[in-house]
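Novice: Could you look at this predicted model? Sequence included:
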Amino acid sequence: MIKLKTKIALGVVFLFSLLILVGSICFYYLNQTIDSQKIILKNNYETLEYSQQMLHALDEWGNDTVTFQKIFEANLKNQEANITEKGELEATKNLSKHYTNITDWRNESDKIIQVRNDINRIVQINLQAIIRKNSKVQTNADEAKFWITLLLTICILAGFTFVFNFPGFIANPIAKLTEGIKAISNKRYEQRIHLNRKDEFGEMANAFNTMAEELDKYEHSNLAKILFEKKRAETVINSLRDASIGIDSNGLVLFANQQALVLLHMQEAEIIGKKQVEVAKQNDLFRYLQAEETNQPFKIVVDNKESFYTKETVEVKNEADLRIASVIILKNITPFKELDVAKTNFIATISHELKTPLSSSDFSLKLLEDDRIGTLNEEQKELVKNLKSDNQRLLKIISELLDLSQVESGKIQLNIEAVAATAIVQKAIEAVGNNAQQKNIQLIQEVSANLPLVKADMEKTSWILVNLLTNAIKYTPENEAIYIDVKENNHELIFSVTDTGNGIPAEYLTKLFDRFYQVPGTATKGTGLGLCISKEFMEAQAGTISVESELGKGSRFYFNLPKA
């Protein structure tokens, strides 16, 4: 088995071998041509040079016989040592012989001509040799050009074929492997890679196929179990009496049981597997459930019947305590709401029926106190006083119950108008003035005369302030003071009542405005409805009511109303 690394090395060696082959042949033919040129230069062109020098010496012989004789003989000697061509030796010997036979250079012109002819013969022989050798060199050059061109063409085709096919030899298996990995990541475990190779890629394909086969087996072995668990979970969810909607951490709706689908007026395919943002765009109730975090009951109309529900959100966390999903549960409280309405109506009816005879009895007690209808002894006066006190307490409780039933039934009648803050404060002080005088408590006003008007119901707001002042008088020791102030704050006025009583423990402050709640350990008892009704009256007027208190330093109750 040839390893992939070895195949790559062989491919590189192949290309390198082509390069060496082309270079070697080119070098061989180039070197051969250069050698042929050198031979021509050395053998023939030197002979031509010698011959030219000898002819020149003959031409200048008469001017300086001794000098040119030496030049002639030196070149003749060089020529005798440079015999390279056929017939050149004989011509050179004849030249030497004819030159030696000349005794009188001035009178033997025929012999000089013969010497010139011998030189010309030598020149002719070398010129013919040059032509012949040049023709041979040209033939060799053409042959070299042919073979180099042929070899270069073969090498280019081989190299191009190699370059075209070799990257695919490497890249194609990688592409197949990538495609297989993507298929596995998409849970298509039936994917296989088929490579008929015995290198590393072949081993990788076999390993991939083995892995895919094992994953496929695992998937199918657990599929039935997963489907069973899914079916069981769906059965449990649909069997829940409360409407339930599951949403994962990415905002994808996982499930909605039948009860939830009925409330949403949606089909399962319209919500399951959808993004909660998309569902909220199509369904008002789902959008409300996503936006609202309140635990207050809300109304849903189902089959032309009003039903009341409360929303509860349960967070589902993993082992690392990270939220992985949330479940919205809508609990049907319609029966409890109906009982609450019945209770409210019952209280309102009973309170109304009781208030009339109690008012009559109160009027009768006032007549008994009048001396014009008869004089009572001290014991009788004490009895009438106690009866009157009990009667007033009952009337107050019944009035508060009537107010509470009015709030709970949503039938609060408000008369919102522009009211002066001083008028509200003055009306409340007049209502509690007698109670404050009995304990010698001063009601100190800190109200500016130039405050702006507020938007409020005069009667309801006065009732709230009276209730706060009454409580303050109850829990403030004798001979102390209670402070009533009104301050301007941006777009609202803040009314506050500050007493100098014992204060309220911090753990009870958040429960003060709950109905029927009383701070444990208080000596003065009441119905526990005053602050609850005050809160409802304030919220109906778009205001708020709060408390600040520190044990041993008194309490401060305050509420705000918008400017007119």
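Specialist: That came through, no problem.

Novice: Longest strand in the protein, please.
Specialist: strand 305-317 (DSSP state E).

Novice: Give the buried residues for the very next helix or strand once past that one.
Specialist: Using DSSP states H and E, the helix or strand that follows strand 305-317 towards the C-terminus is strand 323-332. Going by neighbour count (16 or more other Cβ atoms under 10 Å), the buried part of strand 323-332 is Ala325, Ser326, Val327, Ile328, Ile329, Leu330, Asn332. (Glycine included, C-beta is placed from N, CA and C.)

Novice: Direction included, what does strand 323-332 pair against?
Specialist: As defined by DSSP bridges, the strand partners of strand 323-332 come to strand 243-248 (antiparallel), strand 305-317 (antiparallel).

Novice: so what secondary structure elements neighbour the following helix or strand past the first one?
Specialist: Downstream of strand 243-248, the next assigned helix or strand under DSSP H and E is strand 253-256. Helices and strands in packing contact with strand 253-256 are listed as strand 243-248; criterion 3 or more Cβ pairs under 8 Å, 6 or more residues apart in numbering; DSSP states H and E.

Novice: what mean pLDDT does the longest strand of the chain have?
Specialist: Averaged across strand 305-317, pLDDT comes to 81.

Novice: So which residues make contact with it?
Specialist: Contacts with strand 305-317, where a contact means Cβ atoms under 8 Å, 6 or more residues apart in numbering, come from 243, 263, 289, 292-301, 323-334, 337.

Novice: Same question for stretch 161-180.
Specialist: In contact with stretch 161-180 (Cβ under 8 Å, 6+ apart) are residues 4, 7-8, 11, 14-15, 191-193, 195, 197, 201, 204-205, 208, 212.

Novice: nearest to Ala423, of those?
Specialist: Gln191 (84.6 Å; Cβ to Cβ).

Novice: Surely that closest one is within a helix?
Specialist: No. Counting by DSSP: H, G, I helix; E, B strand; the rest coil, Gln191 is not found in a helix; it is coil.

Novice: and it, how many residues sit next to it?
Specialist: 17 (other Cβ atoms under 10 Å).

Novice: That one contacts Ala183, doesn't it?
Specialist: Yes. Look at Gln191 against Ala183 with Cβ atoms under 8 Å: they come within range, at 3.7 Å.

Novice: Who are the contact partners of Asn415?
Specialist: Asp457, Met458, Glu459.

Novice: Tell me the first helix or strand C-terminal of the helix or strand that contains the last one.
Specialist: It stands for Glu459. Glu459 belongs to helix 458-475 when assigned by DSSP H and E. Remark: after helix 458-475, the chain's next helix or strand is strand 481-489, criterion DSSP H and E.

Novice: Packing partners of that following strand?
Specialist: By 3+ Cβ pairs under 8 Å, 6+ apart, strand 481-489 packs against helix 421-438, strand 442-447, helix 458-475, strand 492-498.

Novice: Could you point out the longest helix of the protein?
Specialist: helix 109-185 (DSSP state H).

Novice: any idea of the mean pLDDT in it?
Specialist: Per-residue scores along helix 109-185 average to 79.

Novice: Could you check how far that helix is from the centre of its chain?
Specialist: Using Cα atoms, centre = their mean, to the nearest Å, the distance from the centre of helix 109-185 to the centre of the chain it belongs to is 64 Å.

Novice: What residues does Pro520 make contact with?
Specialist: Pro520 neighbours (Cβ under 8 Å, 6+ apart): Tyr508.

Novice: and the two most separated of the contacts of stretch 161-180?
Specialist: Leu15 and Ala212 (37.0 Å).

Novice: Show me which of the two is the more surrounded one.
Specialist: Using other Cβ under 10 Å as the criterion, Leu15 and Ala212 rank with Ala212 on top: 20 against 16.

Novice: Am I right that the more buried one is in contact with Ser185?
Specialist: No. Assessed by Cβ under 8 Å, Ala212 is found out of contact with Ser185, at 11.6 Å.

Novice: Now do Gln442, the pLDDT please.
Specialist: In this prediction Gln442 is given a pLDDT of 91.

Novice: What is the burial count for it?
Specialist: 12.

Novice: Could you give the bridge partners of it?
Specialist: Ala481.

Novice: Might you report the residue contacts of Phe557?
Specialist: So Phe557 contacts Leu468, Asn471, Ala472, Ser496, Val497, Ile545, Ser546, Val547 (Cβ under 8 Å, 6+ apart).

Novice: Repeat the analysis, applying 6 Å as the threshold.
Specialist: Contacts of Phe557 were listed using Cβ atoms under 6 Å, 6 or more residues apart in numbering, and they are Leu468, Val497, Val547.

Novice: From the residues you listed, pick the one nearest Leu95.
Specialist: Val547 (146.0 Å).

Novice: Let me know the helix or strand that the closest one is in.
Specialist: strand 544-549.

Novice: who's Ala243 bridged to?
Specialist: Assigned bridge partners for Ala243, using DSSP bridges, are Leu330.

Novice: That one contacts Leu263, correct?
Specialist: Yes. With contact defined as Cβ atoms under 6 Å, Ala243 and Leu263 form a contacting pair (5.3 Å).
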